[in-house]
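J.: Everything below, folded, please.
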Amino acid sequence: MLPGQLAALALAIALAAFACSAADSKTSAKLVLEAKVARPGETVLAGIVLETAPGWHTYWRNPGESGLATTVEWVLPPGISAGEILWPPPEEHKAGGFTTYVYHGRTMLLVPLSIASNTPAGPCEIRARVDWLECEEACVPGQGEVTTRLIIGAENEPSSESAHVALWKSRI
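T.: Numbers count the residues shown, from 1 in each chain. Here you go, the predicted model:
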C-alpha cells in the first residue's frame, strides 16, 4: 500500500470511529436561555443542559482523582460575551478506588451572557460547542453543538425555560 493510500485509510478509520462515537453518545446536550428577549446592557443566564443515560455520568469542574470537566466553547455575535460556568453541586462517586465528583441524569451548567449596552436590536444566534467525558465503567469523550436564539429588544421577555433556569440557579 502506498503512503498516500495508507494515510487516507487511517483518516477514514478515524472519521468512522468519531462518527460511531458521536452517534453512540450516552449524553445529550441542549442550550436554553432564561430570556427570550433581553435589553442591551443586561445579563442573561444560558443553561447547558446535559442529560446522561441511566448508569452514566459526566464530571464537575474539579473531577476528583480521575475524570475531566465539561468545557464550553462559545460562538457569540458581536456585543455578547460569556462568563465562567456556574456549577451546581456534584455528587460524590466512588469506583475502582477513586473518588470523583459527577453528575448523573439531568444537570444544567449556567453561564452568564453579558450584552453590551450598544448591541443593536434584533435576533442573535447563540452557539456553543460542549465537550464532556461520559463514563459508566469505561469513559469516552463526547461533544455536541448547541444553538438557540436571543432577541435583543426594548422590553424583557422570559423564555419558556426561565423557571427551569431559576431552579438550577437556586442550587448554586
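J.: can you give me the helices for this protein?
T.: Assigned by DSSP state H, the chain shows helices spanning 3-23, 162-170.
J.: rank the ones you listed by pLDDT, which is bottom?
T.: Lowest mean pLDDT of these: helix 3-23, a mean of 39.
J.: Other residues contacting stretch 108-118?
T.: Outside stretch 108-118, the residues that touch it by C-beta atoms under 8 Å, 6 or more residues apart in numbering are 32-33, 38-50, 70, 72, 74, 76, 79-88, 126, 150, 152, 164-165, 168-169, 172. For every residue, glycine as well, the C-beta is placed using N, CA and C.
J.: separation between the closest residue to V75 other than its chain neighbours and S117?
T.: Closest residue to V75 apart from its sequence neighbours, by C-beta to C-beta, 6 or more residues apart in numbering: R127 at 4.2 Å. Separation of R127 from S117 (C-beta to C-beta, to the nearest Å): 23 Å.
J.: Counting neighbours, go ahead and name the busier of these two.
T.: Regarding R127 and S117, a neighbour count based on other C-beta atoms under 10 Å identifies R127 as having more, with 15 against 10.
J.: quick one: contacts for that one?
T.: 31, 74-76, 145-147.
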